[in-house]
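Peer 1: 3D model of this:
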Amino acid sequence: MHIHILGICGTFMGGLAALAREAGHKVTGCDAGVYPPMSDQLRALGIDLIEGFGVEQLALKPDVWVVGNVVSRARLPDGTPRYPLMEAILDQGLRYTSGPQWLAEEVLQGRHVLAVAGTHGKTTTTAMLAWILEHAGLQPGFLVGGVPLNFGVSARLGNVARPLTPFVIEADEYDTAFFDKRSKFVHYRPRTAILNNLEFDHADIFDDLAAIERQFHHLVRIVPSTGRVVVNGLEESLARVLHQGCWSEVRSFGAAVSDFRADGEPGHFEVLEQGHRVATVHWEVGGVHNQLNALAAIAAAQHVGVTPAVAAAALREFRNVKRRMEVRGVAGGVTVYDDFAHHPTAIRTTVDGLRRQVGKQRILAVFEPRSNTMKLGTMKAQLPWSLEQADLAFCHAGGLGWDPTEALQSMGGRVRVARDIPELVEQVRQAARPGDHVLCMSNGGFGGIHAKLLATLGS
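Peer 2: Residues are numbered from 1 along each chain as shown. Take a look at the predicted model:
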């Protein structure tokens, strides 16, 4: 089968492309404004990338067009379609489907799907769980919204010959496509579902937290009675989700009364199952949020027969994911990090995790409000709270419809706002000194700021 993917460089669609290629399909795709790591992975796989969404791509004549949720019926100011290829597909009545639907029909059938949902930590927890199952010899398939360093790729099929071989998938609540407004995760039909946390996000498609809770309830509704729902016991929003109905085994983590909880610091802790010590995790990954992610992964792995002790042994070798507190380099005595944090809570937990690692050394937090929710300014009031543990903060104000200077004014002299990347780089250069830690946070390429900072700081 020849599939052509519209929006191929998104983390989900890029992973789908890798799976399709591994399964023997011919894969081509198009996108605009691509950036690593997905573009690098696709090129390494030999998948042809076409820039833009032009109608000339009709000449490829694929068996099916797989449409990413970046594609819409939007029009440019002059009235022409933003995605002319999609308009041509519709006009000619060609066969098309969404990425999640194609994945469900072509890859997930007959697998034991373990889905990791939540506002934060999906990518890291999915990578943890996949590595635990790999370490245990289960040869799982997986699709992660990033590149796990233990595997070097974001997706693989796993052992397709064995019935019910596990498949671990990052389960996003964002909508499926412009023609299917259900959350992506309802397509996956998991037997094991992790509900990691839940707060308001995606203000561009959800009106309020209750609307997102309803989508999580739809996920819970399709877990079979023999399945397991692993839920964060600290989250009131998830308690409300389960109160709407749950027909599966529930295992909780995190709270003092949960089935699974941690005793000790994030870097070295005991795992307690219903009060009994069952494992010890000693690893290089920091942050309370990752301690909770580990508990979730351990509880989910147990559902496919992996003991907590084996899971903990695997986590000792866990190397995290690209763009998750990834050290990009050291220049002039300054360490530069890259992280995907793009929501105030994620920013706060990321800064907190680094603070626990570096003690009293200075943290310079460099961020851009790039997600749709942040661009709308829905959570701008939470930004000072999210940056409390940073010594200095630097905000890229490009493309915003609100004034970050006003939103961050309570931080006083600890904050700088820049209109573009060169100005931002210069602000950091002037402020940084040897021994500092520069933490760059964005869910996009951030204009290649990491390399620019390293070049400037090292000159």
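Peer 1: Mind splitting this protein into its structural domains?
Peer 2: 2-97, 108-315, 326-457 (automatic domain parsing).
Peer 1: got a list of what residue 170 touches?
Peer 2: Neighbouring residues of residue 170 by Cβ atoms under 8 Å, 6 or more residues apart in numbering: 12, 115, 116, 122, 123, 126, 143, 144, 145. Using the backbone N, CA and C atoms, a C-beta is placed for each residue, glycine as well.
Peer 1: what do you get for residue 106?
Peer 2: 20, 23.
Peer 1: quick one: it from residue 116, how far?
Peer 2: Residue 106 sits 21 Å away from residue 116, taking Cβ to Cβ, to the nearest Å as the criterion.
Peer 1: ok so, going back, turn the domains of the chain into a markdown table, including mean pLDDT.
Peer 2: Formatted as a markdown table, these follow (pLDDT from 0 to 100):
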| stretch | mean pLDDT |
| --- | --- |
| domain 2-97 | 92 |
| domain 108-315 | 94 |
| domain 326-457 | 88 |
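Peer 1: highest average neighbour count across those domains?
Peer 2: domain 108-315 (a mean of 20; mean count of other Cβ atoms under 10 Å).
Peer 1: Start and end of that domain, how far apart?
Peer 2: Domain 108-315 stretches 26 Å from its first residue to its last (Cα to Cα, to the nearest Å).
Peer 1: residue contacts, residue 226?
Peer 2: 191, 248.
Peer 1: my read: residue 135 touches residue 314, true?
Peer 2: Yes. Using Cβ atoms under 8 Å, residue 135 is in contact with residue 314, at 3.4 Å.
Peer 1: Would you state the strands of the stretch 301-450 of the chain in chain order?
Peer 2: With DSSP state E, counting those that start in this stretch as the criterion, the stretch 301-450 of the chain has strands at 326-331, 334-339, 363-367, 392-396, 415-418, 437-441.
Peer 1: so what does the helix or strand encompassing residue 238 touch, helix or strand wise?
Peer 2: In this structure, residue 238 sits in helix 236-243 according to DSSP states H and E. Contact here means 3 or more Cβ pairs under 8 Å, 6 or more residues apart in numbering; DSSP states H and E; on that basis helix 236-243 packs against helix 209-221, strand 228-232.
Peer 1: closest to residue 101 out of those?
Peer 2: The closest of the helices and strands packed on helix 236-243 to residue 101 is helix 209-221. By Cβ to Cβ, the value is 15.4 Å.
Peer 1: Export that closest one to PDB, keeping only CA atoms.
Peer 2: C-alpha atoms of helix 209-221 as PDB (Å, rounded to 0.1, in the frame of the first residue of the first chain):
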ATOM      1  CA  LEU A 209     -11.800  21.400  32.100                       C
ATOM      2  CA  ALA A 210     -15.200  19.600  32.200                       C
ATOM      3  CA  ALA A 211     -15.000  19.200  28.400                       C
ATOM      4  CA  ILE A 212     -11.700  17.500  28.700                       C
ATOM      5  CA  GLU A 213     -12.800  15.300  31.600                       C
ATOM      6  CA  ARG A 214     -15.600  14.100  29.400                       C
ATOM      7  CA  GLN A 215     -13.200  13.000  26.700                       C
ATOM      8  CA  PHE A 216     -11.100  11.100  29.300                       C
ATOM      9  CA  HIS A 217     -14.400   9.400  30.400                       C
ATOM     10  CA  HIS A 218     -14.900   8.300  26.800                       C
ATOM     11  CA  LEU A 219     -11.400   6.700  27.000                       C
ATOM     12  CA  VAL A 220     -12.300   4.900  30.200                       C
ATOM     13  CA  ARG A 221     -15.500   3.700  28.700                       C
END
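Peer 1: Now do that helix against strand 228-232, angle only.
Peer 2: 150 degrees (axes from the mean of the first three to the mean of the last three Cα atoms, to 10 degrees).
Peer 1: who's in contact with helix 209-221?
Peer 2: 115, 117, 171, 173, 182-183, 185-186, 190, 193, 195, 198-202, 206, 229, 237-238, 240-242, 244-248.
Peer 1: repeat for stretch 401-415
Peer 2: 369, 375-377, 380-381, 383-384, 387, 390-395, 397, 417.
Peer 1: Please repeat the previous calculation with a cut-off of 6 Å.
Peer 2: With Cβ atoms under 6 Å, 6 or more residues apart in numbering as the test, stretch 401-415 has contacts from 377, 380, 383, 384, 392, 393, 395, 397, 417.
Peer 1: What ranges does the stretch 51-200 of the chain have for its helices?
Peer 2: Under the criterion DSSP state H, counting those that start in this stretch, the stretch 51-200 of the chain contains helices at 84-91, 99-106, 122-135.
Peer 1: Including distance to residue 301, could those helices go into JSON lines?
Peer 2: Converted to JSON lines, these look like this (distance: least, Cβ to Cβ, whole Å):
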{"stretch": "helix 84-91", "distance to residue 301": "40"}
{"stretch": "helix 99-106", "distance to residue 301": "22"}
{"stretch": "helix 122-135", "distance to residue 301": "5"}
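Peer 1: what's the closest of these to residue 49?
Peer 2: That would be helix 84-91 among the helices of the stretch 51-200 of the chain, by Cβ to Cβ, at 14.1 Å.
Peer 1: Any chance of TSV for the contacts of stretch 401-415, columns distance to residue 433?
Peer 2: Formatted as TSV, these follow (distance: Cβ to Cβ, whole Å):
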residue	distance to residue 433
377	33
380	29
383	25
384	24
392	11
393	16
395	20
397	25
417	21
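Peer 1: Next, give me the two most distant ones among those residues.
Peer 2: Across the contacts of stretch 401-415, the longest distance by Cβ to Cβ is 22.5 Å; it joins 377 and 392.
Peer 1: Leaving out the residues flanking it, which one is nearest to residue 55?
Peer 2: Counting by Cβ to Cβ, 6 or more residues apart in numbering, residue 55 lies nearest to residue 88, which is 4.6 Å off, once chain neighbours are set aside.
Peer 1: quick one: that neighbour and residue 56 touch, right?
Peer 2: No. Counting by Cβ atoms under 6 Å, residue 88 stays clear of residue 56, with 9.6 Å between them.
Peer 1: Just give me the neighbour total for residue 319.
Peer 2: 14 (other Cβ atoms under 10 Å).
Peer 1: re earlier: can you tell me which of the helices of the stretch 51-200 of the chain is nearest to residue 308?
Peer 2: Comparing those by Cβ to Cβ, helix 122-135 comes nearest, at 9.9 Å.
Peer 1: So what touches the closest one?
Peer 2: So helix 122-135 is contacted by 116, 140, 142, 144-146, 148, 150, 166, 168, 170, 196, 293, 296-297, 300-301, 311, 314, 318, 321, 324 (Cβ under 6 Å, 6+ apart).
Peer 1: cool, and stretch 14-26?
Peer 2: In contact with stretch 14-26 (Cβ under 6 Å, 6+ apart) are residues 1-3, 5, 8, 27, 29, 38, 42, 45, 47, 99, 103, 107, 143, 154-155, 157.
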